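> Give the three-dimensional model of this entry:
(one chain, ligands or ions: 1)
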Amino acid sequence: MAIEIFWLSGSPYSWRVLLALEIKQASYVDRRLDGSKGDLKSPEYLAINPRGRAPALRDGDFVLNESVAIMAYLDQACPGPKLFGASAGETGQIWRFICECSDYLADETIAAVLPVFSGQLPEKREAVFASVEKVRAEFARIERVLADQDWLVGDAISAADIAVYPFAALALRGARAAEKKGVDLGFLPFVGRYPAVGRWMDRIEALPRYQKTYPPHWRAADVAPGSAA
Ligand SMILES: N[C@@H](CCC(=O)N[C@@H](CS)C(=O)NCC(=O)O)C(=O)O
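Have a look, this model is predicted:
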């Protein structure tokens, strides 16, 4: 029975799962959802993920939601490089980065960039900049870690990098979209402010199957100047 992955384009949580699959070179059935068509709230999908959010996994009779849980499942279920560490120390550090990302980075990144994409920046400006400050503090921490090493934990890509990367990519995209609207979110020039984070993102983006994970609607917008969401 093949693993099915239910995901949304541009969802950083979905991106984690796609990256994990590609890094492990796992085969899967692609079940891309379209939120605007109500896919997330359909009875069929709610039977898979009662929270009506993406991503989710189905493997035969087994269903699972929550991106980190899905990464952990894939790590056990699929061959390929181990994503959750080769020693107790690595495993602990990987989980620390995942927990810190959940607690301090993920929601703040979404709060910082969604109003940019939705055109609500003017009325939400104060809240956006409050979140931006928190995201910048997290980037500063990550920058210090990556100044001395290629990956967040150990000497290979792990679930820590996979969990954090989509939020860095989302923040950068949001910053570029804001810049086009004449608003400086304080992330750019990204490589000037966060050189080690920039090199780490380049390393991830150079992975052989990275392009398969890139949000398709971002790619479409990339070739249609003026649109960034
Ligand atoms: N903690 C969940 C978060 C999933 C989540 O919030 N997904 C968003 C997309 S980024 C979603 O499906 N939102 C749709 C909605 O809230 O209706 C995970 O890690 O999978």
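> Now do the domain split for this structure, please.
3-77, 88-213 (automatic domain parsing).
> can you list those domains in CSV and add mean neighbour count and mean pLDDT?
Just so you know, the C-beta spots here come from the backbone N, C-alpha and C atoms, and that holds for glycine as well. Below are the domains of the chain laid out as CSV (neighbours: other C-beta atoms under 10 Å; pLDDT from 0 to 100):
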stretch, mean neighbour count, mean pLDDT
domain 3-77, 18, 98
domain 88-213, 17, 97
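> Please, which helix or strand holds F97?
Here F97 is covered by helix 88-100, with elements defined by DSSP states H and E.
> Show me what that helix is packed up against.
helix 159-180 (3 or more C-beta pairs under 8 Å, 6 or more residues apart in numbering; DSSP states H and E).
> residues from this protein in reach of the ligand?
Residues of the chain lying close to the ligand (C-beta under 6 Å from any ligand atom) are 8, 11-13, 35, 40, 52-55, 66-67.
> Strands - which of those land there?
Per DSSP state E, strands hold the following members of the residues of the chain next to the ligand: L8.
> Let me see the contact set for the residue positioned nearest the centre of the chain.
By C-alpha atoms, centre = their mean, the mean C-alpha position of the chain lies nearest to P166, the distance being 2.4 Å. Shown in contact with P166 (C-beta atoms under 8 Å, 6 or more residues apart in numbering): 12-13, 15-16, 19.
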